[in-house]
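# with the sequence up front, the predicted model follows.
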Amino acid sequence: MLFGTPTYRYGVVLVLLAGFCWSSMGIGIRFIEVANVWQILFYRSLALVPFLFLIIAARSGGKPFAVIRKCGLAGIIGAFALVTAFFGGVFSIKATTVANAMFLFAAAPFMAAFLGLFILRERIRIATWWAMTFAMIGIGTMVWEGISMGRSSGNIAALIAALGFAVFTIALRWRKMDDMLPTVFLAGIFAIIISAAVCNSAGYSLLLPAQDILIAALLGVFQVGAGMVIYTIGSKAVPAAELALLSMTEVVLGPLWVWIFLDETASNYTLLGGAVLMVAIAGNALSGLRRKPTPIL
């Protein structure tokens with residue numbers, strides 16, 4: 001059952017659990033004291049890569065390199081896009097509230113739908129067009145607040161992260177790659193190389209407090225690695241529209257953790273814009289549930 005196709009009920013539980021894993025990024029980064037974005041990426045990826053390699057080896061019957069080679073050009077493009085998403089995600093959480101960053105991350109499916117229209121010639125449903133319109137209103141509300149307060153860098157980084165995830169999604173759909181783990185593995189490799197090069201050129205030491213290294217490593221294994229593995233397995237048994245709804249647990253839980261443990265709150269504009277965005281995602285997903293078979297987005 002661990003690497004096979006789960007039942008629908010088990011799949012739902014796994015997708016919810018994946019959202020729980022992903023939601024830990026905000027609280028984890030908040031507990032990091034010294035490390036900057038590139039240092040966090042280095043140690044997070046350094047833990048992610050061996051973890052995913054073991055999972056890929058187990059799923060492939062001991063032939064991980066053969067599976068990784070099958071990624072091809074689409075996998076490489078998706079991996080570089082994911083590195084961009086990794087950077088934008090960490091930077092945004094360090095530069096703005098966790099709620100603001102998480103809500104803007106949630107725009108990724110709509111960006112993927114828009115890119116899919118032009119790159120893959122995928123049809124966008126009327127309901128999705130309406131949802132994208134409302135999503136833009138929510139995004140605009142949050143971004144406008146950031147600009148007016150002179151703190152737009154975090155919002156821009158969050159949108160870059162969402163765009164990176166969208167390109168990653170399109171790359172997988174381009175070559176109809178059902179398994180995202182090899183591409184995430186490549187992203188981890190690229191992230192190690194790029195972050196190490198940046199740290200070396202900018203003079204950022206990789207000698208950090210043990211707590212920072214440990215938290216970054218745990219984020220690599222638990223938040224990114226385990227989240228991706230669990231989601232990959234669970235998504236095999238859950239329709240695409242329901243995945244969009246269930247994955248919203250990440251956006252809900254992420255701000256909740258920092259509020260409970262660190263008393264970090266979100267502004268009224270962030271809550272308003274985020275609520276509009278969540279309604280757009282939920283409405284689009286619910287409209288998709290009524291259609292069989294469910295089209296992409």
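Done, it's in. Residues are numbered from 1 along each chain as shown.

# the one helix or strand residue 227 maps to packs against which elements?
For residue 227, the host element (DSSP states H and E) is helix 227-234. Contacts defined by 3 or more CB pairs under 8 Å, 6 or more residues apart in numbering; DSSP states H and E place helix 227-234 against helix 8-22, helix 37-59, helix 181-202. Just so you know, the C-beta spots here come from the backbone N, C-alpha and C atoms, and that holds for glycine as well.

# packing partners for the longest one?
Meaning helix 37-59. Against helix 37-59 (3+ CB pairs under 8 Å, 6+ apart) you get helix 64-69, helix 72-95, helix 181-202, helix 210-218, helix 227-234.

# quick one: distance of that helix to the chain centre.
Offset of helix 37-59 from its chain centre (CA atoms, centre = their mean, to the nearest Å): 15 Å.

# between helix 227-234 and that helix, find me the angle.
Interaxial angle, helix 37-59 versus helix 227-234 (axes from the mean of the first three to the mean of the last three CA atoms, to 10 degrees): 40 degrees.

# cool, the first one as well?
Angular relation of helix 8-22 and helix 227-234 on a 0 to 180 degree scale: 170 degrees, by the same axes, to 10 degrees.

# what does helix 8-22 contact?
1, 6, 222-223, 226-228, 230-231, 233-238, 242-243, 246-250, 253-254 (CB atoms under 8 Å, 6 or more residues apart in numbering).

# which SS class is residue 264?
coil (DSSP: H, G, I helix; E, B strand; the rest coil).

# for residue 178, that is, sorry about that
coil.

# that one: neighbouring residues, count only.
Using other CB atoms under 10 Å, residue 178 is surrounded by 8 other residues.

# pLDDT on stretch 14-21, on average?
Averaging pLDDT along stretch 14-21 yields 93.

# can you redo the helices and strands packed on helix 227-234 as JSON lines with mean neighbour count?
Formatted as JSON lines, these follow (neighbours: other CB atoms under 10 Å):
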{"stretch": "helix 8-22", "mean neighbour count": "19"}
{"stretch": "helix 37-59", "mean neighbour count": "22"}
{"stretch": "helix 181-202", "mean neighbour count": "20"}
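
# could you dump those helices to CSV with distance to residue 145?
Listed next are these as CSV, based on distance: least, CB to CB, whole Å:
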stretch, distance to residue 145
helix 8-22, 24
helix 37-59, 23
helix 181-202, 30
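
# looking at the ones you listed, which is nearest to residue 96?
helix 37-59 (13.2 Å; CB to CB).
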